[in-house]
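Q: Got a predicted structure here, sequence first:
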Amino acid sequence: MRILIVEDQRKMANFIQRGLKEEKYAVDVVYDAEKALYSAEINEYDLIILDVMLPGKDGFYVCRELRKKKNVTPILMLTARDALEDKITGLDLGADDYLTKPFIFEEFLARVRALLRRKHDSKTTILKYDDLELDQVTHKSKRAGQEINLTAKEYALLEYFMLRPEQVITRTMISEHVWNESFDSFTNVIDVYVRYLRNKMDRTFSRQLIHTLRGTGYILSKTPPS
């Protein structure tokens, strides 16, 4: 799952980003309203974490504009102000939840999970392909009933494959959706992580599921590409 953080205090933004990455979420960070609206327009996010006190146009403006554009991505608003009027304003503008800073990170994560579950209530959060399973809420993965322990980046990579089974996935697509916007797609980091993932989910099983398409990218498939 991919999350957008909109927070102008870079220390706070880095703290939240690091914590979410440890929980195996793909995370983008922007620091002002205009970049927030642009990122939400060109990318598909599962959750937006939106600070109220932004430079220039504030978080209320961002929330209002997103809802005007029919963007229904869940929004968790953060603010250092605990005034009831601010909470009411944010919720009336279309925010889904509101948390006052400073906060306990465990509570923050619980609210994140609750919003993600709410978004996916109408459909299962268990992705399945062949004998492979991945739970998008608990972040647990199994193959043939055997649990596979994945790092945060390996999990994000596998989730991206399982959301697009039997589709050609290029390195550019992976760099845009699994890494952040500043990632250099010309490095070999993607190939390295695909190898790590294969070693865990393919090597000890009789059938390989992730295949390389030379010069193109990868594909999650039950049979090798011809």
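A: Arrived safely, thanks for sending.
Q: can you pull out the helices in the protein?
A: 10-22, 33-42, 59-68, 84-93, 105-119, 152-162, 171-177, 189-201 (DSSP state H).
Q: Single out the most deeply packed of those helices.
A: helix 152-162 (a mean of 22; mean count of other C-beta atoms under 10 Å). From N, CA and C alone the C-beta is placed, and that goes for glycine too.
Q: Next, the angle from that one to helix 189-201.
A: Interaxial angle of helix 152-162 relative to helix 189-201 (axes from the mean of the first three to the mean of the last three C-alpha atoms, to 10 degrees): 80 degrees.
Q: residue ranges with poor pLDDT in this protein?
A: Along the chain, segments meeting pLDDT under 70 span 119-124, 180-186.
Q: returning to what we had before: including distance to residue 209, could the helices of the chain go into CSV?
A: Supplementary listing: the helices of the chain in CSV, determined by distance: least, C-beta to C-beta, whole Å:
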stretch, distance to residue 209
helix 10-22, 25
helix 33-42, 30
helix 59-68, 37
helix 84-93, 43
helix 105-119, 26
helix 152-162, 8
helix 171-177, 16
helix 189-201, 7
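Q: nearest to residue 50, of these?
A: For the helices of the chain, distance to residue 50 was read as C-beta to C-beta. The smallest value, 4.7 Å, belongs to helix 59-68.
Q: re earlier: figure out which of the helices of the chain is closest to residue 142.
A: helix 189-201 (9.6 Å).
Q: which secondary structure elements does the closest one contact?
A: Contacts defined by 3 or more C-beta pairs under 8 Å, 6 or more residues apart in numbering; DSSP states H and E place helix 189-201 against helix 152-162, helix 171-177, strand 210-213.
Q: quick one: it to chain centroid distance?
A: 19 Å (C-alpha atoms, centre = their mean, to the nearest Å).
Q: what sits up against it?
A: Defining contact as C-beta atoms under 8 Å, 6 or more residues apart in numbering, one finds that helix 189-201 is touched by 132, 141, 143, 148-151, 153-154, 157-158, 171, 174-175, 179, 183, 208-210, 212, 218.
Q: Serialize the helices and strands packed on helix 189-201 to JSON lines and add fields for distance to residue 83.
A: What follows is those, written out as JSON lines (distance: least, C-beta to C-beta, whole Å):
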{"stretch": "helix 152-162", "distance to residue 83": "36"}
{"stretch": "helix 171-177", "distance to residue 83": "38"}
{"stretch": "strand 210-213", "distance to residue 83": "51"}
